[in-house]
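Undergrad: pasting the structure only:
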């Protein structure tokens, strides 16, 4: 029965020492270290760690939940894979997250459900915000911008102004906001 630790930081400038110290103090005999964003599912050391954990009774330790995964879906996927192998999972900074106990399994299931719910709410709010911004842009007669900067054609804007068009009409023709047109014209 192996007790295996996984330590991760997001960038190469960050230090793993505190996590490693905590994992060793908790009984980890092998520790996998990684310096990579948690949003990247293809983390080689994480995969190596998960492959190493193969025997019933093994336990994976992390200091904090966000060291293992950033999304509820990915976390659930990892823990389900561990469950299939009979491998336990413990979070040192949150003693209630311990799938080696019945209570810990219950708490994990509840937290995973809450995290999925929060993710769905965030996505819903984001979609509402995008729809609102799109409706506002259409009401103002400005092309919908997905967030990418508009490349302004300064010559076109100046030509349209010399042709006598209003700032709003120039903005519509140039595919930018009226304030962007005013900025070009003020220079």
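TA: Thanks, I have the structure now. Small disclaimer: the values here were computed from a predicted structure and weren't measured.
Undergrad: so which bits of the longest helix along the chain are buried?
TA: Ranked by residue count, the top helix of the chain under DSSP state H comes out as helix 102-139. Along helix 102-139, the positions that meet the burial threshold by neighbour count (16 or more other CB atoms under 10 Å) are 104-105, 107-108, 111-112, 115. The C-beta positions use only the backbone N, C-alpha and C, and glycine is treated the same way.
Undergrad: for it, packing partners?
TA: helix 72-85 (3 or more CB pairs under 8 Å, 6 or more residues apart in numbering; DSSP states H and E).
Undergrad: okay, the angle between the helix it packs on and helix 102-139?
TA: Inter-element angle recorded for helix 72-85 and helix 102-139: 150 degrees (by axes from the mean of the first three to the mean of the last three CA atoms, to 10 degrees).
Undergrad: and the strands in the chain, which stretches?
TA: Listed from the start of the chain, the chain has strands (DSSP state E) covering 3-9, 30-35, 59-62, 88-91.
Undergrad: now the longest one against helix 72-85, angle please.
TA: Read that as strand 3-9. Compare the direction of strand 3-9 with that of helix 72-85 by the same axes, to 10 degrees and you get 160 degrees.
Undergrad: partners of strand 3-9 in the sheet?
TA: Note on strand 3-9: by DSSP bridges, its sheet partners are strand 30-35 (parallel), strand 59-62 (parallel).
Undergrad: what sits up against the longest one?
TA: Think strand 30-35. When contacts are defined by CB atoms under 8 Å, 6 or more residues apart in numbering, strand 30-35 is touched by residues 2-12, 14, 16, 20, 23-24, 43-46, 48-49, 52.
Undergrad: now, of the residues you listed, which are buried?
TA: Under a neighbour-count criterion of 16+ other CB under 10 Å, the subset of these counted as buried comprises 3-10, 16, 20, 23, 43, 45-46, 49, 52.
Undergrad: nearest to residue 125, out of these: which one, please.
TA: residue 10 (25.0 Å; CB to CB).
Undergrad: so that closest one is in contact with residue 16, correct?
TA: No. Taking CB atoms under 8 Å as the definition, residue 10 is not a contact partner of residue 16, at 11.1 Å.
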